[in-house]
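[1] starting from these lines, generate the structure:
(2 chains)
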Number of protein chains: 2
Amino acid sequence: MDVPSRLGLTVEEFASLEDHLKRRTYEGTSYRFLPDYRSSLEKGTVIFEDTIIRGFPKIPRTLVLETGIPRHFDERLVAEEKLNGYNVRIARVEGDMFAFTRSGLICPFTTYVVEQMLELDAFFDDHPAVILCGEMIGPENPYTAHHYPEVASLAFRAFDIRDRSSGEPYPVKERRGWCDDHDIPQTAYLGEFDLDTATDRLPSIIDELEREQREGVVLRDPDGSSPLKYTTSSANQGDLAFAYSLPFDYGQAFTFRRLIREAFQSHEWDEEGDERRERAQALGEAILLSMTDTIETVDDGERVGEQHTVRSDPEAIDRLLDHFVEQGLTIDIESDRHENGQRVVTFTKRVQRTNDKIDAYLDGTIVDI
Amino acid sequence: MDVPSRLGLTVEEFASLEDHLKRRTYEGTSYRFLPDYRSSLEKGTVIFEDTIIRGFPKIPRTLVLETGIPRHFDERLVAEEKLNGYNVRIARVEGDMFAFTRSGLICPFTTYVVEQMLELDAFFDDHPAVILCGEMIGPENPYTAHHYPEVASLAFRAFDIRDRSSGEPYPVKERRGWCDDHDIPQTAYLGEFDLDTATDRLPSIIDELEREQREGVVLRDPDGSSPLKYTTSSANQGDLAFAYSLPFDYGQAFTFRRLIREAFQSHEWDEEGDERRERAQALGEAILLSMTDTIETVDDGERVGEQHTVRSDPEAIDRLLDHFVEQGLTIDIESDRHENGQRVVTFTKRVQRTNDKIDAYLDGTIVDI
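    Okay, the predicted model is just below:
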């Protein structure tokens, strides 16, 4: 079957997408991928010569659990934990294992790491035509660092298994069973509920995650379909603090959405005066103190950027840094040492606008701001 | 002289602007005006058959006084208070007095009110070819209501006099003298300084305005040129509270700019831990509590919008309400009564997006937000 048919597209539809596809070669294997959202095909879809790997769909959100759950689900739903890390899809294509980032690039570092961590060959021997989807979490993480007490460096947690050609998810029970069979760690299972029980129970589940500063939940039909997400205030405010630490490099829509989520949660939680005021104050601190820290750093003559630490075999780290350079990023190595045969590198991804603008404003440049 | 020459434009330049001009008729007088920013001509420029009224220029801002003042000024500068109301330009064109809004529309209400308040004929007899620029302030104000203890209802404060054809400002001393001569009230004069004294003294002037919850200062060369503005935290946070009370109708750039201003001010003021934390908390309250109030109002089945009260002669109020309808606004009259021969109307300018979106989200509509 030709590529358009396998994607469920007409020849014309596919032709109009082709300009948006990028081509890369990874260790001799050539592939194309769709790095942006388009209406006809999921972002991150990867096209090999004979194999299609579907992109991971954008998961919608409700701002209000009580009304969103009955609107979105028919009868029953499963709740699992949503983790704060980076999304990865793993697939075996003609015998080679690849880990793809959200946008569809093969990440050499993640590919290496998951092959070390997981018994992937055995898994794909049993399930050759699937994509194993999960989150890479932990503090030593090249994309999104977040602390989890149970993860010292970097770990994988499966949250979905999908057919690689159709992108259709497998039922939750089946997926969790397959992962168990192959010792693949998974996101926490928080229960299966009917709709009334779900709207009753979820606020206290979210509260518990809140107290542990975890990100939130993904709800879905037990058959694996219709995922829906909801996040804690801790996640919203953490994102705000991060975004405002690089205020001119983060989209204003990114921060606006998180403020809106906070307001609807405060409303749904029926917060009293003091409780609401505390949330408001914490939110103000997340915004302002991040910015003033950054302004002070720039005023001291230092540069700000996204700092990460990674720990792995020397070769995996080299591959990661090469990968960043190929993507056009500028990386400053802050420290580079060896510990127990592993290499530990702390690096900063340079950002331009925040540094340049703050420099100019501190210098008294007149602005229309 | 033809219109392009009088605007200092070539025929081609003017031709490219003509599509952006709007035409209106006010009591039999036809005029065109430029309602948006364009590079070649100030927003708000008005073109009558034989007269040009230049738009009021956008005044730039510095985020840091200490460096911005020496960059922007040569030797000396005058500081005057910046008021929080709406900008109005008054001119006499072929014997008729008009008050123009920022965008260049003749506002019938403001025209009526300023003719009642001020001895405009005497002023324009002395200075026929100028524009008298000022702020309409006070709580009973159809565009921007802000409380000033010295204004019970609505008042005019002059802050600029410009040549109507060239748009060039007159020197501060001359302008203030002319206004004094004709009993035209003006914005407060805060002093004339050399550059070092200005950077020394302005923080305490701003502090004083802050304590009185006033908006800020406009600095300019004593010859009237090079205006530069700087605002208090109270103004920034007031704007944030207002914008987040109608979160889906206010631009995200509007709020982002005010957050940035707060961060640079906290930095320049060298705020200590607690002081900075208090500013951050107040800022968070301005954002979140406005949104939750609005969500609660919509959840109670009410509609939110911009509410204003105006007090004037019955005829002036009729003209104002007609003017809004002509502009395509939907106005809900909340109350309408007479007091001492004047009509007092409280009305709400309806906004669409905030009401619709909050309704939908409360109803559990799935979002990508």
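[2] and the helices in the stretch 51-200 of chain A?
    Residue ranges of the helices in the stretch 51-200 of chain A, as given by DSSP state H, counting those that start in this stretch, are A:65-72, A:108-117, A:120-126, A:172-181, A:195-211.
[3] using CSV, please lay out these together with mean pLDDT, distance to chain B and mean neighbour count.
    Every residue, glycine included, has its C-beta placed from N, CA and C. Below are the helices of the stretch 51-200 of chain A laid out as CSV (pLDDT from 0 to 100; distance: least, Cβ to the nearest Cβ, whole Å; neighbours: other Cβ atoms under 10 Å in any protein chain shown):
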stretch, mean pLDDT, distance to chain B, mean neighbour count
helix A:65-72, 96, 3, 19
helix A:108-117, 96, 26, 20
helix A:120-126, 98, 32, 15
helix A:172-181, 98, 20, 17
helix A:195-211, 97, 10, 16
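[4] these: which one's closest to residue B:61?
    With Cβ to Cβ as the measure, helix A:195-211 is the member of the helices of the stretch 51-200 of chain A nearest residue B:61 (39.1 Å).
[5] can you list contacts of the next helix or strand after the closest one?
    Reading on from helix A:195-211 to the C-terminus, the next helix or strand found by DSSP states H and E is strand A:216-220. For strand A:216-220, the external contacting residues (Cβ atoms under 8 Å, 6 or more residues apart in numbering or on different chains) are A:59, A:69, A:72-73, A:77-82, A:159, A:169, A:172, A:187, A:190, A:198, A:202, A:205-206, A:209, A:226-232, A:235.
[6] next structured bit after strand A:216-220?
    Per DSSP H and E, strand A:216-220 leads on to strand A:228-231 as the next helix or strand towards the C-terminus.
[7] buried residues in that following strand?
    When burial is assessed from 16 or more other Cβ atoms under 10 Å in any protein chain shown, strand A:228-231 yields the following buried residues: A:228-231.
[8] how about the contacts made by the closest residue in space to residue A:289 that isn't next to it in sequence?
    For residue A:289, ignoring the flanking residues on the chain, the nearest one in space by Cβ to Cβ, 6 or more residues apart in numbering or on different chains is residue B:280 at 5.7 Å. Counting by Cβ under 8 Å, 6+ apart, residue B:280 touches A:281, A:284-285, A:287-289.
[9] mind saving the C-alpha coords of stretch A:5-25 as CSV?
    Backbone C-alpha positions of stretch A:5-25 (Å, rounded to 0.1, in the frame of the first residue of the first chain) are rendered in CSV as follows:
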residue,chain,number,x,y,z
SER,A,5,-3.4,5.1,1.8
ARG,A,6,-1.6,3.9,4.8
LEU,A,7,-2.1,7.3,6.5
GLY,A,8,-5.8,7.3,5.5
LEU,A,9,-5.2,10.3,3.2
THR,A,10,-6.0,10.9,-0.4
VAL,A,11,-3.1,11.5,-2.8
GLU,A,12,-4.0,15.2,-2.9
GLU,A,13,-4.2,15.5,0.9
PHE,A,14,-0.8,13.9,1.3
ALA,A,15,0.7,16.1,-1.4
SER,A,16,-0.4,19.2,0.5
LEU,A,17,1.4,17.9,3.6
GLU,A,18,4.6,17.0,1.9
ASP,A,19,6.1,20.5,2.1
HIS,A,20,5.7,20.3,5.9
LEU,A,21,7.5,17.0,6.3
LYS,A,22,11.2,17.1,7.3
ARG,A,23,13.7,14.4,6.2
ARG,A,24,16.5,13.1,8.5
THR,A,25,18.9,10.2,8.5
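[10] report the inter-axis angle for the helix or strand where residue A:261 lies versus helix A:195-211.
    In the assignment (DSSP H and E), residue A:261 maps to helix A:252-268. On the basis of axes from the mean of the first three to the mean of the last three Cα atoms, to 10 degrees, helix A:252-268 is oriented at 120 degrees to helix A:195-211.
[11] show me what helix A:252-268 is packed against.
    Contacts defined by 3 or more Cβ pairs under 8 Å, 6 or more residues apart in numbering or on different chains; DSSP states H and E place helix A:252-268 against helix A:233-245, helix A:273-299, helix B:252-268, helix B:273-299.
[12] any chance of the ones you listed in TSV, with distance to residue A:26 too?
    Below are the helices and strands packed on helix A:252-268 laid out as TSV (distance: least, Cβ to Cβ, whole Å):
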stretch	distance to residue A:26
helix A:233-245	30
helix A:273-299	36
helix B:252-268	38
helix B:273-299	45
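[13] nearest to residue B:32, of those helices?
    Counting by Cβ to Cβ, residue B:32 lies closest to helix B:252-268 out of these; the figure is 28.3 Å.
[14] report the buried residues of that closest one.
    B:252, B:255-268.
[15] closest one of those residues to residue B:368?
    Closest approach between the buried residues of helix B:252-268 and residue B:368, by Cβ to Cβ: residue B:252, at 15.6 Å.
[16] give me the pLDDT for residue A:18.
    With respect to pLDDT, residue A:18 scores 89.
[17] cool, and residue A:13?
    What the model reports as pLDDT for residue A:13 is 89.
[18] could you check how far it is from residue A:19?
    Per Cβ to Cβ, to the nearest Å, residue A:13 is found 13 Å from residue A:19.
[19] now swap in residue A:142 and tell me
    Separation of residue A:142 from residue A:19 (Cβ to Cβ) stands at 30 Å.
[20] neighbour-wise, which of those two wins?
    Relative neighbour count places residue A:142 above the other of residue A:142 and residue A:19, with 26 against 6, counting by other Cβ atoms under 10 Å in any protein chain shown.
[21] ok, that one - contacts?
    Residues in contact with residue A:142 (Cβ under 8 Å, 6+ apart) are A:109, A:308, A:310, A:320.
[22] contacts only, for the residue in chain A that chain B sits nearest to.
    Nearest to chain B in chain A, going by Cβ to the nearest Cβ, is residue A:284, at a distance of 2.2 Å. Contacts were defined as Cβ under 8 Å, 6+ apart; by that measure residue A:284 touches B:280-287.
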